[in-house]
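S.K.: Could you work out the structure for the sequence below:
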Amino acid sequence: MSSLNLDDFSDLIERPDGGVRRDAEERRERLIVPPGALGRLDELGEWLSAAQASVRVEPIERPRVVLFAADHGVAELGVSARPAGGAHRLVRAVLDGESPVAVLARRAGASVRVVDAGLDCDPGLLPEDVVRHRVRRGSGRIDVEDALTLEEAEQAVRLGMAIADEEADSGTDLVVLGDLSVGGTTAAATLIAALCGTDASVVTGRGGAPIDDLAWMRKCAAIRDALRRARPVLGDQLELLATVGGADLAAATGFLLQCAVRRTPVILDGVVSAACALVGQRAAFRAPDWWLAGQVSGEPGQAKALDRMALNPLLDQGVTVGEGTGALLALPLVQAAAALAAELPEREPGAANTPAGTDETGADDGASSDEAAAGTVNTTD
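M.R.: Model (predicted):
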């Protein structure tokens, strides 16, 4: 019997400060740029104000990419374009700076942390700081057996919680969450289908490395069989993660919940982080207020999960590679919103808030004051 009850997070998580958000909205009305002219950046700035409990938004200076890594036994069925047990190669590419997320992180000034929750490889292949948290080697085939024991699921969730605490204590002010896995989208889709009460075909996508039609059918069948095992344990989120999740998904769920406890904003990436967020929402309904959906991954399961949590993705660039890449693309947008909310000056008291490019009379900058007064511009010689 586990001593951990995820429902306890409901009492620990508070929403971002609503009073501060209202004050931030009022301040936004006083800025020199008219309300609405910056589009969704206004909304992001107000969200950051509430998350930081500060009307004047602080800049995002210490962002961190956190990637949970694991192999999934269901990959043995040929549901992924990558070989079963090959997730350690994805980790090595990140560590060597040769993956998309590593390249983008360098450009964005974000550090990257990889956590081995359940890779199926010799620990000696990777650095000690990556593998030292490993819960187990690989996971069970969720279509016929549990991914984890209940004790392993608790260990994985507590691992995620500990990583969240370490990041908060070190001064991380925003997290980009991703995964490095083979077979992870199959487990994620199963969780989403179970929690949304839908069929396998509705949530089955083609993964980060796109699969062909035959592999898609194998994946759909695996999710269908895993769903039969998931439905009887829907009342217990920890048991659900043990039955059809995996060490990386359980760790990411614990990470997301504890980030909400510690008031650390998180940008979600694709279907895997969306599935973990959905489990987290089931445990603590306020938790999604601390998360942003970074991008549209094209996975139907992600769309289903984000719709259930009322999270609207920031970007849609057709990025399917996973590994936190799409979410990292959204980081500069969030940083821009923070900078604009903090640095744009307020207009002088009594001054009209006119659109940029027009003068006080509403005439274009290029027209003379006489022409503006007349309401026409003389175009004849």
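S.K.: low pLDDT regions in the stretch 51-200 of the chain?
M.R.: Applying pLDDT under 70 to the stretch 51-200 of the chain flags no residue at all.
S.K.: Helices of that one, residue ranges please.
M.R.: Assigned helices in the stretch 51-200 of the chain, in chain order: 87-95, 100-108, 128-131, 150-169, 184-196, 200-203 (criterion: DSSP state H, counting those that start in this stretch).
S.K.: Go through those and name the closest to L314.
M.R.: With CB to CB, the closest approach to L314 among the helices of the stretch 51-200 of the chain belongs to helix 100-108: 14.2 Å. C-betas here are computed from N, CA, C, even on glycine.
S.K.: which residues are contacting that closest one?
M.R.: 63, 65, 67, 93-97, 111-112, 178, 321, 323-325, 328-329, 331-332 (CB atoms under 8 Å, 6 or more residues apart in numbering).
S.K.: In strands, which of those residues fall?
M.R.: Secondary structure from DSSP state E places 63, 65, 67, 111-112, 178 of these in strands.
S.K.: filter these to the buried ones?
M.R.: Neighbour-count burial (16 or more other CB atoms under 10 Å) is assigned, among the ones in strands among the contacts of helix 100-108, to 63, 65, 67, 112, 178.
S.K.: sorry, back to before: to L31, which of the helices of the stretch 51-200 of the chain lies closest?
M.R.: Nearest to L31, of the helices of the stretch 51-200 of the chain and by CB to CB, is helix 100-108 at 25.9 Å.
S.K.: CA atoms only for the closest one - export them in PDB, please.
M.R.: Extracted C-alpha coordinates of helix 100-108, given in PDB (Å, rounded to 0.1, in the frame of the first residue of the first chain):
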ATOM      1  CA  PRO A 100      17.000  20.300 -31.700                       C
ATOM      2  CA  VAL A 101      16.300  21.000 -28.000                       C
ATOM      3  CA  ALA A 102      20.000  21.400 -27.200                       C
ATOM      4  CA  VAL A 103      20.500  23.800 -30.100                       C
ATOM      5  CA  LEU A 104      17.500  25.900 -29.300                       C
ATOM      6  CA  ALA A 105      18.300  26.000 -25.600                       C
ATOM      7  CA  ARG A 106      21.700  27.500 -26.300                       C
ATOM      8  CA  ARG A 107      20.100  30.200 -28.400                       C
ATOM      9  CA  ALA A 108      17.500  30.900 -25.700                       C
END
